[in-house]
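>>> give me coordinates for this.
(one chain, ligands or ions: 1)
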Amino acid sequence: MTSVPEFDYGIVGGGLQGCLVAHALAWHRPEATVLLLEQADELCGNHTWSFHETDVAESAKSWFDPLVAHRWPGYRVRFPTLSRRVKIPYATITSDRLREGTRSLAGGAGGLARPGRLVVRTGESCDILAPNAVRLGGTADVSCRVVLDCRGRAEGGSPGGAGYQTFIGHEYETARCWPAAEPTVMDVPADQAAGFEFLYELPLGPDRVLLEYTRFHEEPVCPESRAAALISARLAEAGAGSAKLIRTEHGCLPMPYAAPASRDGPSPAGGYAGGWYHAATGYSMPLAVRFAELVARARPDRVAAEIASAAAEDRLRRGFARFLNRLLFCLVKPEDRWKIFRRFYRVLPEERIARFYAHRFTVNDAARIMIGWPPIGLAPIRFARSFVSLPGPLPT
Ligand SMILES: Cc1cc2nc3c(=O)[nH]c(=O)nc-3n(C[C@H](O)[C@H](O)[C@H](O)COP(=O)(O)OP(=O)(O)OC[C@H]3O[C@@H](n4cnc5c(N)ncnc54)[C@H](O)[C@@H]3O)c2cc1C
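This next block holds a predicted model:
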């Protein structure tokens, strides 16, 4: 290995986190040489990454905003006995948009390091050998001043214990206009016997909609027939004429409750690999953008230290998010879980909702989320006791 690093930054993993880091570096460090490595044949997979616009710091907007594919001024949630419009702007980045934007940073750079031009290599798995060295395809070693582990979720699930969010999403082109102009982030059917489940609706254009079935459950399995039934019922109710299926996405996200789900390795880890996602909501965007900003603004020799210090500062919030999962999966019966989310939207004003999703919530916010009436807030004594001992997961 040569003593002068071939690249300033080597990003391993070209999913959400890896691509956001590439964009933040292109903006804040245009002189840097950056290598982005992805084992799949293409960057970014097949996702629709939504977020509250309040998740993204003003300082990140210059490089982040061009990546946004769809925006809405607010969204709706629907529960049995509660319907609410939340006036927090909501937005989405699609895999296609992020892939295109990241490819445009690469231009025609080829495989050689050149300041201001991202080098992208796909189709080869990569090992991280040391804080400044990666191995491509099991043979070729490349030296980088800073290596970042953005390899996503490790195979084999979460350490310690988790429930799961599973999804099946169908994107349709409809013959007539879709009746809703804004997303419905949770449309919760009255029958909740199978655990907390809901339909997520994202109008992507006048005649395009993504309908996604989501379930929070002990089992990492999505009930396909139930998903199909709820999606068909919504299509019929919307009255938008015949619907042509143009894309599907599916996935499973562990919601850890026992231990931090981060991978130990020689390099700083971002995204899911480093625990830079919201354990209680499953949204990655707020923390992935924060991680990208941290990397790009830190001096290269300070990147690891700054990331470690930011993670330490966020430790209590991460612990609280996992604690909420623990309550959800260990304390509350599957058929009652939806009431926790209904209460969240019933009692919280918009600024607390925004801080919660953005992973910037305060101690006061945490207390308001947990304690009080109506169901299922915990009375103060039960709240205190729940930190000390919780039963194992409830049988379903
Ligand atoms: C169906 C679904 C819907 C979701 N919706 C949202 C949402 O609306 N909003 C939101 O914020 N979050 C959402 N999430 C969560 C979010 O998608 C993930 O948490 C996020 O993608 C994590 O980003 P990441 O970069 O860490 O991992 P990933 O996006 O999974 O990227 C990791 C990349 O690393 C690559 N890789 C792995 N190992 C290697 C290796 N050895 N060498 C080279 N490359 C490697 C992988 O191929 C992959 O491309 C959703 C998740 C699912 C499953």
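
>>> what parts of this structure come near the ligand?
12-18, 37-40, 45, 47, 49-51, 125-126, 150-152, 167, 249, 251, 253, 271-273, 277, 282-285 (Cβ under 6 Å from any ligand atom). Where C-beta positions appear, they are placed from N, C-alpha and C, glycine not excepted.

>>> could I have the buried ones of those residues as PyMOL selection syntax?
Here is the PyMOL command that selects the buried residues among these (16 or more other Cβ atoms under 10 Å):
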select buried, resi 12+13+14+15+16+17+18+37+38+39+45+47+49+50+51+126+150+151+152+167+249+251+253+271+272+273+277+282+283+284+285
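
>>> among the residues of the chain next to the ligand, name the ones in helices.
16, 17, 18, 285 (DSSP state H).

>>> count of neighbours near residue 5?
20 (other Cβ atoms under 10 Å).

>>> got a list of what it touches?
132, 143, 144, 145 (Cβ atoms under 8 Å, 6 or more residues apart in numbering).

>>> got the domain ranges for the chain?
7-73+88-155+259-313, 162-256 (automatic domain parsing).

>>> rewinding a little: tell me the one among the ones in helices among the residues of the chain next to the ligand nearest to residue 121.
Of all those, residue 18 has the smallest distance to residue 121: 11.9 Å, by Cβ to Cβ.

>>> and the pLDDT at the closest one?
On pLDDT, residue 18 comes in at 98.

>>> residues touching residue 368, list them.
Per Cβ under 8 Å, 6+ apart, neighbours of residue 368: 347, 348, 352.

>>> next one: residue 366
Counted by Cβ under 8 Å, 6+ apart, residue 366 has contacts residue 320.

>>> quick one: which helix or strand includes it?
helix 363-370 (DSSP states H and E).

>>> gap between the residue in the chain positioned nearest to the ligand and residue 95?
When distances are taken as Cβ to the nearest ligand atom, the chain reaches nearest to the ligand at residue 15, 1.8 Å away. Applying Cβ to Cβ, to the nearest Å, the value for residue 15 to residue 95 is 9 Å.

>>> shared neighbours of those two, which are they?
The contact sets of residue 15 and residue 95 overlap at 44, 45 (Cβ under 8 Å, 6+ apart).

>>> so where do the helices sit in the stretch 1-150 of the chain?
For the stretch 1-150 of the chain, the helices defined by DSSP state H, counting those that start in this stretch cover 16-28, 61-64, 95-106.

>>> after the helix or strand containing residue 345 comes which helix or strand?
Residue 345 is located in helix 337-347, with elements delineated by DSSP H and E. Note on helix 337-347: by DSSP H and E, the next helix or strand toward the C-terminus is helix 350-357.

>>> ok, and what's touching that following helix?
Residues contacting helix 350-357 (Cβ under 8 Å, 6+ apart): 51-52, 54-55, 86-88, 278, 281, 283, 286, 344-345, 348, 361-362, 365, 368-369.

>>> swap in 6 Å and give it another go.
With Cβ atoms under 6 Å, 6 or more residues apart in numbering as the test, helix 350-357 has contacts from 52, 54, 87, 88, 361, 365.

>>> need the buried ones from those selected in ChimeraX.
ChimeraX command restricting the contacts of helix 350-357 to the buried ones, with burial defined by 16+ other Cβ under 10 Å:
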select :52,54,88,361,365
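
>>> mind putting the contacts of helix 350-357 into JSON lines with pLDDT?
Formatted as JSON lines, those follow (pLDDT from 0 to 100):
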{"residue": "52", "pLDDT": "98"}
{"residue": "54", "pLDDT": "98"}
{"residue": "87", "pLDDT": "98"}
{"residue": "88", "pLDDT": "98"}
{"residue": "361", "pLDDT": "97"}
{"residue": "365", "pLDDT": "95"}
